[in-house]
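Engineer: Next input, structure requested:
(chains A and B)
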Amino acid sequence: MPAKPKVAFYWCASCGGCEEAVVDLAEGILDVVAAVDIVFWPVALDFKVSDVEALPDKGIVASFINGAVRMSEQEEMARLLRKKSKYVIAFGSCSHLGGVPGLANLWDRQSIFEWYYHKAPSLAEGSAQEPRESVEVPEGTLTLPAFWDTVKALDQVIDVDYYLPGCPPTPKLVGNAVNALLRGELPPKGSVLAGTRALCHECPLNESKPEKLLIKEVKRVHLTKVDPEKCLLAQGVLCLGPVTRGGCEALCVKGVMPCTGCFGPTDEVRDQGAKGISYLSSILDFDDEADIRRAIEGIPDPVGTFYRYALPRSILMRTKVVKPHA
Amino acid sequence: MMVEQKQEFEPRIVAFVCNWCTYIAADAAGVARARYAPNVRLIRTMCSGRVDPQFVLTAFEKGADGVLLCGCHPRDCHYSAGNYKALRRYTLLKEFLSQMGFEDERLRLEWISASEAEKFRKVVEDMTEKVRKLGPLDLDGGE
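Structural biologist: Residues are numbered from 1 along each chain as shown, chains lettered A, B, ... in the order given. This next block holds a predicted model:
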């Protein structure tokens, strides 16, 4: 019997939800475990970096890497796994686009440290101490990874073969990707392993969308009583379905929450947020500047709304000037 | 890049101009031999409503220090409502750019009709001077 293909899982700047998504395969994970040999998975299995280093180059068939890259250690691990793997799959929104951690690109290292270690209210008042990259102790020098100014998506650091989008990717898409890998039926390099059309095409509420959709007000979902049978956008709730890749089968909308864009832009679009700004502008039913201004007050945080998962992979990537924390 | 910085800063301004109004105004300014700052690069679009926010951001990414959007006056759009679309996009884009640390003067919207060659000249001159005062955009690309 030939050796089972080796796979690795790794996490960078992420919340751990993507690791949950692997476990969400439920009993399906037993088939995966039976078919592959997991050689590295820090969250679940006790392998060391040296075990990965000992593998031959391209000895791993596929590495699934989740999380954005924001520290030097994450870049080192990404580079190591790249060298040892035939395929690298960016797993989840953070790895694909920068994700929610990518919103930290509105700040930089200095302003983040200043807030979290000095200015933010704390129970341990006066004990402000910043982490340092190297500290001398009697036993020798202790080191920590460097913290960067800018959060990056995985493909801004290493070459990536495939992307599994989502926050987190759905068990169905993960299962499909693993099966495609095992069978060797892979799409062209660089493909996003999800839908190719916008989410609206698979949304169950699409039929209730009026022919001509115009809104007078942008409502925030937590302040709105939503009719679960009617297109959320038609009710004035900002839904990013029109500018987001499909493939999730409208999970959030089925839960009566608007799409926030975690699958990223479709293949034709480079900057999801810019497209979001564009589409909302097309349906706002005002021609007067003062009315327009009043209507967009319903969007107090444009970056957090239109670029919730995609700031590092957007055209501007990060803020030009860092504003101090409020 | 280093050599360029030693000389006096010449801002690069990308102007998206509507085929039916501002482009003709710019043409008329040229025919009338009006003198205006050579810092502006015109990109003709069929309508100001055709300007995707991605165009604006890409202009900044590729080295523009300022972007000027020009269209027909309200109620004068050749396609009836494209300029209102442009106004809404511009208003939202401005909010976004301010969050991203861009100075207000880097993006400007002006309604310039086909007969307003002089207005076109003034707007270009004025914007060039304002952006010159701001200095280069200097997007660091995350490094």
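
Engineer: for chain A, what are the nearby residues on chain B?
Structural biologist: In this structure, chain B approaches chain A at residues B:52-54, B:56-58, B:60-61, B:74, B:81, B:84-85, B:87-89, B:91-93, B:95-96, B:99-102, B:137-143, judged by Cβ under 8 Å from any Cβ of the partner chain. Backbone N, C-alpha and C define where each C-beta goes, glycine included.

Engineer: List buried residues within those residues.
Structural biologist: For the residues of chain B next to chain A, a neighbour count by 16 or more other Cβ atoms under 10 Å in any protein chain shown gives the buried set as B:52-54, B:56-58, B:60-61, B:84-85, B:87-89, B:91-93, B:95-96, B:99-100, B:102, B:137, B:139.

Engineer: got the residue ranges for the strands in chain B?
Structural biologist: Counting by DSSP state E, chain B forms strands over residues B:13-18, B:40-45, B:66-71, B:107-111, given from the N-terminal end onward.

Engineer: Mind giving me the packing neighbours of the shortest one?
Structural biologist: Taking 3 or more Cβ pairs under 8 Å, 6 or more residues apart in numbering or on different chains; DSSP states H and E as contact, the helices and strands that strand B:107-111 lies on are strand B:66-71, helix B:82-99, helix B:117-134.

Engineer: quick one: strands adjacent to that strand?
Structural biologist: Within its sheet, strand B:107-111 is paired with strand B:66-71 (parallel), according to DSSP bridges.

Engineer: do the first one as well
Structural biologist: With DSSP bridges as the criterion, the sheet partners recorded for strand B:13-18 are strand B:40-45 (parallel), strand B:66-71 (parallel).

Engineer: Export those strands to JSON lines and append columns for mean pLDDT and mean neighbour count.
Structural biologist: Conversion of those to JSON lines gives the following (pLDDT from 0 to 100; neighbours: other Cβ atoms under 10 Å in any protein chain shown):
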{"stretch": "strand B:40-45", "mean pLDDT": "97", "mean neighbour count": "16"}
{"stretch": "strand B:66-71", "mean pLDDT": "98", "mean neighbour count": "28"}
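
Engineer: Turn those strands into JSON lines, including distance to A:Q129.
Structural biologist: Formatted as JSON lines, the entries for these read as follows, by distance: least, Cβ to Cβ, whole Å:
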{"stretch": "strand B:40-45", "distance to A:Q129": "51"}
{"stretch": "strand B:66-71", "distance to A:Q129": "43"}
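
Engineer: Please tell me how far B:D52 sits from B:A86.
Structural biologist: 11 Å (Cβ to Cβ, to the nearest Å).

Engineer: Pretty sure A:N66 sits against A:E19.
Structural biologist: Yes - judged on Cβ atoms under 8 Å, A:N66 makes contact with A:E19 at a distance of 7.2 Å.

Engineer: Check the contact lists of the two and give me the overlap.
Structural biologist: The contact sets of A:N66 and A:E19 overlap at A:F9, A:W11 (Cβ atoms under 8 Å, 6 or more residues apart in numbering or on different chains).

Engineer: which one of these two has more residues nearby?
Structural biologist: Neighbours per residue, other Cβ atoms under 10 Å in any protein chain shown: of A:N66 and A:E19, the larger number sits with A:N66, 31 against 22.

Engineer: Closest residue of the stretch 1-150 of chain A to chain B?
Structural biologist: Scanning the stretch 1-150 of chain A for the residue nearest chain B gives A:T150, at 3.9 Å (criterion: Cβ to the nearest Cβ).

Engineer: what pairs with A:A62 across the strands?
Structural biologist: With DSSP bridges as the criterion, the beta-bridge partners of A:A62 are A:V7, A:Y87.

Engineer: what's the neighbour count on it?
Structural biologist: Around A:A62 there are 23 other residues, counting by other Cβ under 10 Å.

Engineer: show me the contacts for it.
Structural biologist: Listed by Cβ under 8 Å, 6+ apart, the contact partners of A:A62 are A:P5, A:V7, A:A8, A:S85, A:K86, A:Y87, A:V88, A:I89, A:L181.

Engineer: any idea how far the residue of the stretch 1-150 of chain A closest to chain B lies from B:M100?
Structural biologist: From A:T150 across to B:M100, the span is 13 Å (Cβ to Cβ).

Engineer: Also A:D31?
Structural biologist: Relative to B:M100, A:D31 is positioned 46 Å away (criterion: Cβ to Cβ).

Engineer: Over to A:L30?
Structural biologist: Here the criterion is Cβ to Cβ. By it, A:L30 lies 47 Å from B:M100.

Engineer: A:P187 now?
Structural biologist: As for A:P187, its distance to B:M100 is 34 Å (criterion: Cβ to Cβ).

Engineer: same check, this time on A:K320
Structural biologist: The gap separating A:K320 from B:M100 is 6 Å, by Cβ to Cβ.

Engineer: likewise A:P302?
Structural biologist: Counting by Cβ to Cβ, the gap from A:P302 to B:M100 is 9 Å.

Engineer: Repeat that for B:K85.
Structural biologist: Taking Cβ to Cβ as the measure, B:K85 and B:M100 are separated by 22 Å.

Engineer: same check, this time on A:R82
Structural biologist: On the measure of Cβ to Cβ, A:R82 and B:M100 end up 31 Å apart.

Engineer: A:L280 too?
Structural biologist: Summarising the geometry, the distance separating A:L280 from B:M100, computed by Cβ to Cβ, is 17 Å.

Engineer: Helix or strand with the lowest mean pLDDT in the chain?
Structural biologist: Picking chain A for this. helix A:28-35 (a mean of 85; mean pLDDT, DSSP states H and E).

Engineer: not what I meant, chain B
Structural biologist: For chain B, the helix or strand with the lowest mean confidence is helix B:2-6, at a mean of 54 (criterion: mean pLDDT, DSSP H and E).
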